[in-house]
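> with the sequence up front, the predicted model follows.
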Amino acid sequence: MSIRVAAFAKLNLCLRVIGRRDDGYHEIGSTVQTVDLADEIALRVTQGAVRVRNEAVTGAGPDLTEQAARALLERKGVRGGVEIDVLKRIPIGGGLGGGSSDAAAVLVALNPLAPPVLSPQAVVDLASELGSDVPLFLCGGLVRMEGRGERITALGSPRSETFVILCPPIHCDTSRVYAKWTANRSGGRSEPRFGENDLLAPALAAYPGLAKYYEAMAATSAEYFGMSGSGSSMYGAFSTADAAAAASAQLATVVPNARTFVCGATASGSRVLGGSKE
């Protein structure tokens with residue numbers, strides 16, 4: 001059997017870093033919206049090993065998608081394998097959660113394809129072991145993230161705005177940005193407004209070249225704007241699709257070396273595109 005899945009990106013509409021935990025992670029509070037900028041993942045159950053084809057992955061060792069597939073099959077005690085093809089559209093290193101979204105989509109899609117089917121809570125537990133952002137995409141939509149990111153609460157209907165995402169040609173290393181936060185101890189316990197992100201100042205300190213992209217987004221007519229996650233992507237929220245299209249065109253002129261995407265909010269972290277019995 002095979003299945004194709006769209007794995008959506010996320011935007012941190014606000015992000016508060018509360019402090020560093022005893023386990024080395026940081027305690028956060030963030031309101032997050034998934035959007036329809038998506039990677040496409042094709043899975044086919046086989047009798048062989050776990051194999052992933054993803055041209056965007058250049059590092060040594062298995063990527064998070066492969067780790068998710070292996071962990072799920074091992075937890076089930078299944079000896080078979082799966083072939084996974086990943087078509088990347090979500091920029092890497094931009095704070096949009098593409099790797100975590102891909103991993104969550106694999107868990108959601110592969111679970112029913114390779115019996116026995118794990119319970120929803122068992123899948124959530126497995127997602128939490130894989131990474132802080134992975135549980136978010138099991139739910140998707142408009143959610144609240146707490147703890148190190150693994151505690152997810154659905155907040156109701158998706159946002160109605162149209163979002164413009166600006167992706168600079170800069171990849172932010174999360175640990176480097178958090179190291180700057182530790183040095184400066186920015187943030188607090190009050191609830192941030194949409195657009196506020198305690199990691200913005202640390203990201204700008206770690207990567208000064210980000211400033212012109214933030215300023216370019218600030219110069220648009222966005223209802224609110226900010227940086228997603230630990231960067232480098234900036235976003236703006238617009239009340240109409242026409243306003244978003246105009247802002248995207250403006251950004252393409254002001255910072256032509258960046259990529260822009262016009263996106264709508266989604267109600268889930270992934271969506272099945274199709275499947276077949278073979």
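Great, that's in hand.
> just checking, residue 272 is part of a strand?
Yes - counting by DSSP: H, G, I helix; E, B strand; the rest coil, residue 272 falls inside a strand.
> pLDDT score for it?
On pLDDT, residue 272 comes in at 94.
> swap in residue 23?
pLDDT, residue 23: 74.
> any regions of the stretch 101-250 of the chain where pLDDT drops low?
Along the stretch 101-250 of the chain, the model assigns pLDDT under 70 to residues 183-189.
> where do the strands sit along it?
142-147, 151-154, 162-167, 224-227, 234-238 (DSSP state E, counting those that start in this stretch).
> could those strands be laid out in TSV, adding mean neighbour count and distance to residue 202?
All C-beta spots, glycine's among them, are computed from the backbone N, C-alpha and C. Conversion of the strands of the stretch 101-250 of the chain to TSV gives the following (neighbours: other C-beta atoms under 10 Å; distance: least, C-beta to C-beta, whole Å):
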stretch	mean neighbour count	distance to residue 202
strand 142-147	18	18
strand 151-154	14	23
strand 162-167	25	19
strand 224-227	23	10
strand 234-238	26	15
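> possible to save those strands as a markdown table with distance to residue 108?
Converted to a markdown table, these look like this (distance: least, C-beta to C-beta, whole Å):
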| stretch | distance to residue 108 |
| --- | --- |
| strand 142-147 | 15 |
| strand 151-154 | 14 |
| strand 162-167 | 23 |
| strand 224-227 | 28 |
| strand 234-238 | 25 |
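> to residue 14, which of these lies closest?
strand 224-227 (7.3 Å; C-beta to C-beta).
> who are the packing partners of the closest one?
Helices and strands touching strand 224-227, by 3 or more C-beta pairs under 8 Å, 6 or more residues apart in numbering; DSSP states H and E, are strand 2-20, helix 200-206, helix 211-218, strand 234-238.
> could you point out the longest helix in this protein?
The longest helix of the chain (DSSP state H) is helix 98-113.
> residue 113 is nearest to which of the strands of the stretch 101-250 of the chain?
From the strands of the stretch 101-250 of the chain, taking C-beta to C-beta, the stretch that ends up closest is strand 151-154, at 24.0 Å.
> give me the distance from the closest one to the chain's centre.
Its chain's C-alpha centre and that of strand 151-154 lie 15 Å apart, by C-alpha atoms, centre = their mean, to the nearest Å.
> repeat that for stretch 22-33.
With C-alpha atoms, centre = their mean, you get 14 Å for stretch 22-33.
> residues in contact with that stretch?
Stretch 22-33 is contacted by residues 10-21, 132, 136, 141-149, 155, 158-159, 163, 178, 181, 191, 194, 265 when judged by C-beta atoms under 8 Å, 6 or more residues apart in numbering.
> before we move on, back to that, any idea which of the strands of the stretch 101-250 of the chain gets closest to residue 99?
That would be, of those and by C-beta to C-beta, strand 162-167, which comes in at 15.0 Å.
> which helices and strands does that closest one pack with?
strand 2-20, strand 26-46, helix 211-218, strand 234-238, helix 241-254, strand 259-264.
> just want the angle from the fifth one to strand 162-167.
This means helix 241-254. Going by axes from the mean of the first three to the mean of the last three C-alpha atoms, to 10 degrees, helix 241-254 is angled at 20 degrees with respect to strand 162-167.
> in helix 241-254, which residues are buried?
243-244, 247-248, 250-251, 254 (16 or more other C-beta atoms under 10 Å).
> cool, the third one as well?
By neighbour count on 16+ other C-beta under 10 Å, the buried set for helix 211-218 is 213-214, 216-217.
> do the last one as well
Of the residues in strand 259-264, 260-263 count as buried by neighbour count, 16+ other C-beta under 10 Å.
> and of these, the nearest to residue 115?
residue 263 (35.3 Å).
> isn't that closest one right up against residue 165?
Yes - at 6.1 Å, residue 263 and residue 165 qualify as touching, with contact defined as C-beta atoms under 8 Å.
> give me the common contacts of those two.
Common neighbours of residue 263 and residue 165 (C-beta under 8 Å, 6+ apart) are 9, 35, 37.
> quick check, nearest of those to residue 105?
Distances from residue 105 to the shared contacts of residue 263 and residue 165, taken by C-beta to C-beta, are shortest for residue 9, at 11.7 Å.
> tell me what the closest one is bridged to.
residue 35 (DSSP bridges).
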